[in-house]
Structures are given as structure tokens and as C-alpha cells.
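Q: My questions are about this predicted structure, shown below with the sequence.
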Number of protein chains: 2
Amino acid sequence: MSSRRERQHHRRGQSRRREVDRTTIKVQQPVRALPLYELLDEEGCDLIHSEAMKVLSEIGIDFYLPEALEILKEHGAHVDGETVRFDPALVEEYISKAPSSFHQIARNPEKSVQLGGEHMVFAPVYGPPFVHDLKRGRREATLEDFQNFIKLAYLSPYIHHSGGTIVEPTDEPTATRHLDMLYAHIKFSDKPFMGSVMSRENAQDSVEMARILFGDKEIEAQPALISLINISSPRRLDDRMLEALTVYARANQATIITPFILSGAMAPVTLAGTLIQQNAEALAGIVYAQMVRAGAPVVYGSFMTNVDLKSGAPVFGSPESQLALIAGAQMARRYNLPFRSGGMFASSKIPDAQSAYESVMTMLPAVQSGVNFFLHAAGWLENGLSAGYEKFVLDCEILGMLHTYVKGIDLSEDARAMESLRSVPPGGHHLGTPHTMERFTSAFYRAELFDYNDVDTWTEEGSHPVSEVASRKVDQLLAEYQAPELDESLDEQLQSFIAKRKQGLKG
Amino acid sequence: MSSRRERQHHRRGQSRRREVDRTTIKVQQPVRALPLYELLDEEGCDLIHSEAMKVLSEIGIDFYLPEALEILKEHGAHVDGETVRFDPALVEEYISKAPSSFHQIARNPEKSVQLGGEHMVFAPVYGPPFVHDLKRGRREATLEDFQNFIKLAYLSPYIHHSGGTIVEPTDEPTATRHLDMLYAHIKFSDKPFMGSVMSRENAQDSVEMARILFGDKEIEAQPALISLINISSPRRLDDRMLEALTVYARANQATIITPFILSGAMAPVTLAGTLIQQNAEALAGIVYAQMVRAGAPVVYGSFMTNVDLKSGAPVFGSPESQLALIAGAQMARRYNLPFRSGGMFASSKIPDAQSAYESVMTMLPAVQSGVNFFLHAAGWLENGLSAGYEKFVLDCEILGMLHTYVKGIDLSEDARAMESLRSVPPGGHHLGTPHTMERFTSAFYRAELFDYNDVDTWTEEGSHPVSEVASRKVDQLLAEYQAPELDESLDEQLQSFIAKRKQGLKG
């Protein structure tokens, strides 16, 4: 970096250090007060672990990047061509270097998030090349769509993260797309966001922009980026993902190491076999990250469902994916690592009943089983090929409910309400008691878009399915949206960086 | 009964005794292999228990039936006018007389069900005066609708029970309606069913018809009826419910004692207060049943959600109702009693995304928390005012998934698939491995009505929302339906009993 920019960072660092001080961060994300739901006993977890160790030590994982193979070799892994094998002791040694919990900073420090333990982060859908809404149907996603979803995520109190590639802005050149996407996250939201993983250069650009926004020391101390490193299951990490992972780990930025598995295709058709493979692959990526830089924040990721054996297509919301998710969370905890999984997954193409059934079938077990980072928590449709506008705001209603759900039950004397139980006569009602009146505005979570009217009122209002109500809500939110303030000089620096990089990438 | 009928029963008893022998009953209902999900620790359960004991011993429950007050007094309860108070030791004494598990017989013995432990029974919606389908919209329910839903429940492998008042056949006279409903359950299905609770006479008719169908001794040994006794919360049991409960308990027929609670209206606005009240009320009903006949099969019931404090209307699928359900299941287990709760509840009026989100939000925690009897497991719409045809078959898809879900994860050597993990190269695929091919037809649960096609195929087929697919499925099922065989002489006896009773009820 230029010395001019260093000086600027230093000045901004002065005023910003205070902001990222943990003691002043007001975490608004939900903290699970509920007990964990677990499926496997200790013996079961040990079995998955020991079989995964056989995969790592005997079968091996392929790494398609010479630089990564060098690093792995230097740190004691057995490198045979592109296939890498790990002794169990080496795996345990490097896994133990990863933090069990960490903080990701946001430009609004009140929106910084904690990753790990009982903390939960809900982030938008990631990756769809298409968008869907009721008025215009399905179409290719554009930068405008990308910005719109950032705005919707910014406006929801139940989304804690701006996410990453919410949709692929297919109207922008591939080489420079990531710059516009990063800028949009910074400009249109003040929540934490994700880095680009398409190449080494994209990852470096992401880190540079985070440095401009937060300062060098700040992002070194606590990550400003979390990025999704998918493993190309079975048993391989491709060059682009490895380049990005290497850049991020070196810069102490967080990564989510996620085997991308459709059981029956990229892994055995059985859950046990799939879990063993997933565990081996996630650990291989995490060990590598720790070899690049010990202590670099990493998340144990799981993206697992099954194929439809009739068509070969993925099936979302399946019972098998729920079971694997719950067991996966247990494996991550076994290694003291934050866990990413869950999401409002659906195979349905539209925000109909199928999409809703499927979404809750995945999301609820994820909340109960201790997932920390929920990518795809809103907007997912059509096996992830499409991001739905209405689906996004409808999913947010369930996320709101889950904020209440994870608080559990208050058993205090006050909550036990024995005086009310005594004073209301048989057949009487509690609506008017002092105990109820005191809690009138706060007692129950109420989904804003769901209809609780009687059928006559609902009919008079037009008998709208909830997707139509959601459509109007999307329009209203986007019309009323106001961008959070962004320091003008920071904005200029970011724009100038982007202009310079675009020039370079064209040439 | 006449001696002629006694003789017939005896003959039928000969051949039927074998059928209800537990050792030959093929239970097709799902048995939960998953661990329980629990919220409260032992201290929390003790607290709900001890506060409920205060409600029972100090505050009291009203019983609006002189006969019941006599029975309660005789057995040691403190009766003061219509208010009854119970010493904690008396409660414990009578609760302990109730069986922790029991069998309900069906006329097809393979469809008899076990109530209690890890066994789960999914039964249709109960009580709506209206029906809804896509073609005809919302309308008053008729006997034809009632029969149609029995047929749909009969045809689903994921519904284990024919239920009770699936809808109210409003085109039939109130006084004789129950006879037509009972006959329809017997004629159009061979699954177990519920008795009428509208009055003492209706309950007696239900028992008589069960006697005709199964024989006196048979239903004395194992119940042929299970009936829903709602408690008119707060703190009262009305005369009709008490009459029915008394008849059923005397005849050793099963009852589900269910406080009907909208938190904030019929109980305190807090979950702890609601749980205390629910526990006191359920126990009062169960103690009474055991005083009528020690050992009579009873189920601890919970029907609890909250009101929308803005409108006073009920809210289904709320996070509060989930939490109360899970804690309720723990209380039932504390007393070693089977538990009824859950269901595919929705406030939505139509089978849209709202109805599906709400349904799974209640149903999934119910399955995890150890509910045994799931009333309303299919078809519920509009706060229970309407039974949806499409909703019914869509809910059944989720019930099918839950059958797979509760099996948990197979960790056997075979399921771990280490040979496949070894043989498939990095980037290869598992679709063609011997391990996959052996499991090709059975590996994953596949929802029949959900769309897993790619978007082009889905579009070519008409871009149908899943509710339209369900509508066609309903038509197909009802067109293809064939009634299970019913012994001609039994059928005649039932019809003759009904004719005689109808004559009596007219006169």
C-alpha cells in the first residue's frame, strides 16, 4: 500500500479502534438459550471421527495448487503428486490451533457478529444466477437485483449479515464483478459481509477494500471478511478456492470450509458414509488454513443434501439432510469449531407451500442443533439457482420467530403468574389482567406478513395468498430504503481503488 | 345387549381374539429412534409440577356434573360446591394408576396402534365446520366431505388413525350426526377411530358400535375408541365432556384429556403460567378418569397456542406454542403418561406458503419432543375452522418425511461405506457404485407431490404451484378409492343399530 493510504489508515484507525473494542459492541444477533439437539452418542461421534481419519491418512485429499502442496509438505503432510495424506496426530495438532469462536467486525460496530458458541448469524442466500418475483417471474440476476437484496437484508432486523454473492450480477463483466459487489455491500449496508473467492486476485481485492474501510491493524486483529471456500467433493480442493483460502488465511480473515455434497452423487448414498467424507474434507481444508496461518479464524461448514435418485437432481428439505446437519454440528463441536449449515432451502421454483415446507424442515433442526452461521437463511428457491424476492421477506418472518424461539422459557416467579392463576375465575379470561396488560406489547412474536384476521376480513381484503402480501412488502421496503451513512472520504477511496483495479483488469 | 347379539359377539370373539393378540400385530406406525428434545431441566419440571399442585390443592378446578362431583368426593377430593381441590398425594396416587402405554385396536389388526413410549400416531384434523379446496373455495362441511377425508386418511400410508370429527357434517341433524360419522369411520376405513364426546348418549352409542364391531370382551381388554375430552380452560370441565369422559372411562375406552388454551386469553400471557395451568387441568381430568375406573387408558393432552394480542385471534405455528409443546411433553413423561400434542397447525386460510411455514413450525418440534398422539396431523387450515383437501395431501408428504426422519442415522459398517469412499476417485461420482445401486430404490424418501424437476420441465408442465398438483391428487385418490371389506353381517348389525337409535332420537 502507498504511504499516503497508510497514513490515512492510521488516522482512521485512531478513531475506529474504539469502535471494534469488544466491550462496546452491542451484539444484536440471537444467542441460543435452548439446549442442543443431538443425535449421535459419543461413540457415534468417535466412529465418524476415526473413519474420517482413515480417509485423511490412508485415502487422501487432492489439492490442485502447487503453492498449497508446498505448504502442506513443509508442515508435515504426506504429499504424493496432488494427493495429500495426513497423520491423525497432525490433524489434531492443527485443528487445535483454530479459534473456537471469533468476532467479525462490521462498519456499524453494533452490527458486528460473534461466530461460535451459542451465537447465531443469519445471512442471505448465496450464489443464484437467477432471481424470481411474482410480477416479472424468473430472469437472469443483475447488479440491480444484487443491490436490492442487500437493501432487503439491511432492512431486516432478523438478518445479521449482508452475505456475499447474494445473486450473480450477470450483467457485469466477470473479471470486475466482484468489485461492484463488494462496493454494494459496503455502500448499501452496514452489516458484515463476505469476500470474493473466484480467484487469488479477487480475494486480494476483497482484503484491500476491507483494509480501506477498517484499517490494516483492525482487520488483522479481528476479521472483516468471512468467505465461503467450497470443497469440490469428493476429496478435492480446486486451485481457485485454494488461492482464495490462502489469501484469506494469510490476512487473518475468516473462511468457511464447506464440502459441497449431494449424497448419492458426490458421496455415498448412506448418511454415515457421507458424514465421514464430509468430516474428512472439512478437516483437510481447516488443517491447511491453520498451516497457512495458525489461529486464522475458520468455520466448519456443511452443505449436504441428497440427490433424487430418479432424476439425479438435488432434493432440498429432505429428512436425510436434516439428520446429516444435526450430526454435522456435533462433529464441529467435537473439534471446538464454529459450524455453518442450515438455511431456508427449497427445491420449489416459487414461494408456494412446497418452498415453505422444505425451508422450515431444514432451518428448524439447524437452529436446535447449534449452527452458528446460517448461509441461505432467506431467499433461496429452485435448488439455489434462483433468489426469490417474496421468498426473502417471507423467510425473514420465520427468522423473526426463531429469535423468540431460541430464548426458551422464562420460569421466573413473575412468569409463573400464580396471582393471575388465582384471580381469574373458572371460565374467565386473562386478556385484561394486570399481568397481561403489563406484557401487552411484548408478549408474543407476531409475523407481520402472515394473516391472522378472520376469514371475512381476509376475503374483503382480496383473499391474497401470503406471496402477494410479500410482493407488496418488497416494493414498499425498496421504495422506503435509505442507505446508511458512509464517510465521504472512505467512499471516495473505495471508488478510486475500484476504478484503478477495473483499469488494470481491462488491460 | 340382547342374548342374540351376545352370542354373535362370542362367535366373532373366537376368531377375533387371535387378531388382537399383541404378538401378531404388525405395527406400521413410526417408532422414534431419535433422542428426545427437551427444554426444561429437572428443576424446571419440578417447579411446574409443584406450582400446578398449588393450583389443584389451593385454587381448585370446577366440575359441572353432579355425578362427577359425587365420584370425586367418594375418592377423597375436596368438593366445595362445583369447585374441587385435590391434595398432592391424592393426585400422585391416582395418576400412578393410569397405564404408561396402551394399545388401540383397529378392525384391521395390522393397523392397531400403540399409544405411549416411542410410538407415534398421526391422525387427521378434528373439528372444522368448513372445508376448503382450490376448485370450490370455502364452504360448509357435509357428510360427503367427512367421508372423503376418511377416504384420504385411509389411503395415506402416513396417517395411522381415522380420527374423529374430521369435519362437522353440517348437513346432518345434530342429534344423529354422530351415528353417521361413526359408521363412516367403520365403513370407509379399517384404521382405529375416535368416539363422540357431545353427550353421554353419544358416548354410549360410540361404545355400543365398538362392541358390535369388536365384541364386548375385546374392547374391555384393549380400547377400540379414543376420544377427545377438552377442558374448558381456565379451570373447568363442562357437563357434556364429563358425561362422555365418565362413559368412556367406565367402559375402559381411552380418552385424551386436553386443556384447550390460547395463552393470553384462557391462561396467563406467559408460557410458565400457561404450563402450570395446563398441567393442573390435565391432571385433574386424568385423576377423575382414574377415579371412575382405575387403569382406564388416558392420554395427557396439550392444545396450546397464543392469541394475537392485537386482534384476540389465535396464532398458529408461533414460536411460543413450540416451546410450550416441548415442555408439555416433558411434563407428561414426568407422570409416565402418553402425550398428545402437535399437528400441522396454520392460521392461513389456504394452502399457501404461510400455511406450510406454520405447519412445520409446530409439527417438527412435536416429533422431536416425544408426542405420541398427533391430532390435526393433516388438513388443518384457518385456525381449525376449515379442513383443506389440498392441505391434507400436502401435509401427508411431510408426515412421510417424518417417518424417515425419526429413524435416525444408521452407523453400521455397511452404512459407513468405506469401500466406496476408497474406490471413488477425487471428483468422481457415487451414482454408479455397487453401494449406491444396492440402495437405489430405497435410499431416500421422495415426496410424491413436490416438484424436483428442472425449471424448464416444470415450466413446460404448466408452472403449477404445489397446491394445484395436490388438487389433482385429491381427485385421483377419491376416484380410485376402494372401501376395505367389511363383514356383511357386521355391517347389517351396525346399520340396524343406527336405524333404531335414529328412530329413538327422533321420537
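A: That came in fine, so what should we check first?
Q: Now whichever residue of the stretch 301-450 of chain A sits closest to chain B. Nearest residue, chain neighbours left out?
A: Closest contact between the stretch 301-450 of chain A and chain B, by Cβ to the nearest Cβ, is at A:Ala417 (3.1 Å). For the C-beta atoms, the positions are set from N, CA and C on the backbone; glycine is no exception. Spatial nearest neighbour of A:Ala417, excluding adjacent residues (Cβ to Cβ, 6 or more residues apart in numbering or on different chains): B:Gly273 at 3.1 Å.
Q: quick one, phi/psi of that neighbour?
A: B:Gly273 adopts backbone torsions of phi -60, psi -40, taken as degrees, to the nearest 10.
Q: was I right about it contacting A:Asp414?
A: No. Counting by Cβ atoms under 8 Å, B:Gly273 does not reach A:Asp414; the two are 9.4 Å apart.
Q: out of the two, which sits in the busier spot?
A: B:Gly273 (25 against 15; other Cβ atoms under 10 Å in any protein chain shown).
Q: can you give me the strands in the stretch 401-507 of chain A?
A: Per DSSP state E, counting those that start in this stretch, the stretch 401-507 of chain A has no strands. Nothing in it meets that criterion.
Q: where in it is pLDDT low?
A: A:507 (pLDDT under 70).
Q: Can you pull the residues of the stretch 151-300 of chain A lying near chain B?
A: A:232, A:234-236, A:263-273, A:275-277 (Cβ under 8 Å from any Cβ of the partner chain).
Q: Now a ChimeraX select for only the buried ones of those residues.
A: Remark: buried members of those, expressed as a ChimeraX selection using 16 or more other Cβ atoms under 10 Å in any protein chain shown:
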select /A:232,234,235,236,263,264,265,266,267,268,269,270,271,272,273,275,276,277
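Q: Could you list which of the residues of the stretch 151-300 of chain A next to chain B belong to strands?
A: Applying DSSP state E to these, the entries found in strands are A:236, A:263.
Q: Can you give me the pLDDT of A:Arg334?
A: You'll see A:Arg334 listed with a pLDDT of 98.
Q: and it, what does it touch?
A: If a contact means Cβ atoms under 8 Å, 6 or more residues apart in numbering or on different chains, then A:Arg334 has A:45, A:49 as its contacts.
Q: same check, this time on A:Gln354
A: Neighbouring residues of A:Gln354 by Cβ under 8 Å, 6+ apart: A:346-348, B:356, B:394, B:449-451, B:465-466.
Q: low-scoring pLDDT stretches of chain A, where are they?
A: Across chain A (using pLDDT under 70), the flagged ranges come out as A:1-27, A:507.
Q: that older thread, let's have the contacts of A:Gln354 in CSV, adding neighbour count and distance to A:Glu220.
A: Converted to CSV, these look like this (neighbours: other Cβ atoms under 10 Å in any protein chain shown; distance: Cβ to Cβ, whole Å):
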residue, neighbour count, distance to A:Glu220
A:Ala346, 32, 39
A:Ser347, 26, 42
A:Ser348, 31, 44
B:Ala356, 32, 46
B:Leu394, 30, 52
B:Leu449, 17, 53
B:Phe450, 26, 48
B:Asp451, 24, 48
B:Pro465, 24, 50
B:Val466, 28, 50
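Q: With distance to A:Thr170 added, can I get those in TSV?
A: Below are those laid out as TSV (distance: Cβ to Cβ, whole Å):
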residue	distance to A:Thr170
A:Ala346	22
A:Ser347	22
A:Ser348	22
B:Ala356	31
B:Leu394	34
B:Leu449	32
B:Phe450	28
B:Asp451	24
B:Pro465	26
B:Val466	28
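Q: Out of these, name the ones that lie in helices.
A: B:356, B:394, B:466 (DSSP state H).
Q: Give me the nearest residue to the last one, chain neighbours excluded.
A: Computed as Cβ to Cβ, 6+ apart, the closest residue to B:Val466 that is not its neighbour in sequence is A:Gln354, at 3.9 Å.
Q: Regarding that neighbour, what are the backbone dihedral angles?
A: Torsion angles, degrees, to the nearest 10, at A:Gln354: phi -60, psi -50.
Q: do the same with A:Phe339
A: Dihedral pair for A:Phe339: phi -130, psi 140, per degrees, to the nearest 10.
Q: burial measure for it, as a count.
A: 28.
Q: gap between it and A:Val299?
A: 7 Å (Cβ to Cβ, to the nearest Å).
Q: who touches both of those two?
A: A:372-373.
Q: Find the closest residue to chain B in the stretch 201-350 of chain A.
A: For the stretch 201-350 of chain A, Cβ to the nearest Cβ, closest residue to chain B: A:Gly273, 3.2 Å.
Q: ok, the residue positioned nearest the centre of chain A to A:Ile159 distance?
A: For chain A, A:Leu375 is the residue whose C-alpha lies nearest the centre (Cα atoms, centre = their mean; 2.8 Å). As for A:Leu375, its distance to A:Ile159 is 11 Å (criterion: Cβ to Cβ).
Q: got it, and A:Ser355?
A: For A:Ser355, the distance to A:Ile159 equals 18 Å [Cβ to Cβ].
Q: A:Val298 now?
A: A:Val298 is 23 Å from A:Ile159, where distance means Cβ to Cβ.
Q: Between these two, which is the more surrounded one?
A: Set A:Val298 next to A:Ile159 and count neighbours by other Cβ under 10 Å: A:Val298 wins out with 30 against 25.
Q: just to revisit the earlier point, got the contact list for the residue of the stretch 201-350 of chain A closest to chain B?
A: Applying Cβ under 8 Å, 6+ apart, the residues near A:Gly273 are A:267, B:415-418, B:420-421, B:435.
Q: What is the burial count for A:Thr457?
A: A:Thr457: 12 surrounding residues under other Cβ under 10 Å.
Q: all helices of the stretch 151-300 of chain A, in order?
A: A:177-188, A:200-214, A:216-221, A:239-250, A:271-292 (DSSP state H, counting those that start in this stretch).
Q: Quick one: those helices as CSV, columns for distance to A:Arg32 too.
A: Listed next are the helices of the stretch 151-300 of chain A as CSV, based on distance: least, Cβ to Cβ, whole Å:
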stretch, distance to A:Arg32
helix A:177-188, 27
helix A:200-214, 28
helix A:216-221, 27
helix A:239-250, 27
helix A:271-292, 22
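Q: Just give me the neighbour total for A:Lys506.
A: 9.
Q: do A:Leu431 as well
A: Neighbour count for A:Leu431, taken as other Cβ under 10 Å: 17.
Q: again with the one 3 residues further on
A: A:Pro434 has 10 neighbours, counted by other Cβ under 10 Å.
Q: Contacts only, for it.
A: Per Cβ under 8 Å, 6+ apart, neighbours of A:Pro434: A:Ser420.
Q: measure it to B:Ser263 for me?
A: Counting by Cβ to Cβ, the gap from A:Pro434 to B:Ser263 is 16 Å.
Q: quick one on the thing from earlier: and of the ones in helices among the contacts of A:Gln354, the nearest to A:Gln290?
A: Nearest to A:Gln290 among those: B:Ala356, at 42.4 Å, using Cβ to Cβ.
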